[in-house]
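Student: everything below, folded, please.
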Amino acid sequence: MDEKRKARSTPAVLMEIIKEEGLLAPYRGWFPVISSLCCSNFVYFYTFNSLKSLWLKGTAPTTGKDLTIGFIAGIVNVLVTTPLWVVNTRLKLQGAKFRSDDIKPTTYTGISDAFQKILQQEGVLSLWNGTLPSLLLVFNPAIQFMFYEGLKRQLLRQQAELSSFQVFVIGAIAKAIATAVTYPLQTVQSVLRFGHERLNPDKRTLGSLFSVISLLKQRIRRLGFLGLYKGLEAKLLQTVLTAALMFLVYEKLTTLTFQFMALKV
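Tutor: Numbering: from 1, shown residues only. The predicted structure follows:
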């Protein structure tokens with residue numbers, strides 16, 4: 001959100017934030033982030049596996065089916081959890097020292113206060129700010145699961161089961177590809193979720209196609225085409241590790257669940 005920081009690398013920006021805003025600044029909004037991640041991952045995995053068991057029952061999985069199921073699960077996830085991510089984004093950025101004139105600060109005391117003030121001051125639809133880029137971004141988890149399931153099937157053709165290390169690696173690879181492909185839209189999504197940019201207030205319709213295209217063009221004008229990928233390094237470090245660990249836990253929990261069900265039978 002801060003386009004005027006002179007530091008370029010992720011470690012340098014991190015040190016600058018700590019120096020200016022304190023040691024705890026990088027952990028700002030950690031609770032709403034964790035809450036949103038838990039809810040979002042539960043909704044996505046539950047929907048994905050439910051659709052997979054229903055559609056693929058008695059048939060062989062394919063890359064196309066994986067992508068389609070991931071896409072549908074992503075749409076359900078976006079529509080259900082976007083309000084959580086809107087609140088999460090605002091709380092995470094609250095208290096940051098913005099050097100961009102496009103952003104004005106907010107003052108929320110917590111998750112419930114943020115929900116209440118957004119509803120009172122901006123209306124219920126504001127909780128779904130950024131829904132359009134979020135819907136476009138369902139390709140992110142869809143691509144992620146497509147590559148993960150594809151790599152997993154390839155490895156299982158050569159061995160009976162995957163090791164924890166293999167699950168971690170293919171999870172990381174799948175997420176890295178998905179993040180790199182969809183990163184420009186993720187940047188726009190964050191701006192729209194924050195919902196307090198001052199540019200074009202008369203023409204702006206948050207979450208509309210006009211807003212998405214306008215913000216992408218604006219970013220290219222200000223930072224060049226590579227500006228669409230500004231901060232990608234930090235995003236990869238964050239999401240790739242998170243996704244790899246998530247897939248590892250997912251596979252372990254799935255195995256334990258099936259083993260428990262088999263014992264009960």
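
Student: any stretches of this protein with poor pLDDT?
Tutor: 1-10, 28-29, 95-105, 193-209, 261-265 (pLDDT under 70).

Student: for it, longest helix please?
Tutor: When the chain is parsed with DSSP state H, its longest helix is helix 232-264.

Student: which parts of the protein are helices?
Tutor: Using DSSP H, helices in the chain cover 10-21, 30-55, 63-93, 111-122, 131-136, 139-156, 164-194, 209-223, 232-264.

Student: can you pull the contacts of the residue lying closest to Y108 once chain neighbours are set aside?
Tutor: With sequence-adjacent residues excluded and distances taken as CB to CB, 6 or more residues apart in numbering, Y108 is closest to A114, at 4.0 Å. Yep, even glycine has a C-beta here, placed from its N, CA and C like the rest. Going by CB atoms under 8 Å, 6 or more residues apart in numbering, A114 touches V87, R90, L91, T106, Y108.

Student: how near is the residue positioned nearest the centre of the chain to I111?
Tutor: Central residue of the chain (CA atoms, centre = their mean): Q186, 7.4 Å from the mean position. As judged by CB to CB, to the nearest Å, Q186 and I111 stand 22 Å apart.

Student: what does stretch 30-44 contact?
Tutor: 73-74, 76-77, 80-81, 84-85, 87-88, 91-92, 111, 141, 242, 246.

Student: separation between the closest residue to Q94 other than its chain neighbours and T187?
Tutor: Among residues not flanking Q94 along the chain, T106 sits closest, at 5.5 Å (CB to CB, 6+ apart). To T187, T106 is 20 Å away according to CB to CB.

Student: what residues sit buried inside stretch 244-263?
Tutor: Within stretch 244-263, the residues that count as buried by 16 or more other CB atoms under 10 Å are A244, M246, F247, L248, Y250, E251.

Student: list the contacts of it.
Tutor: Applying CB under 8 Å, 6+ apart, the contact partners of stretch 244-263 are 41, 45, 148, 162, 164, 167-172, 174-175.
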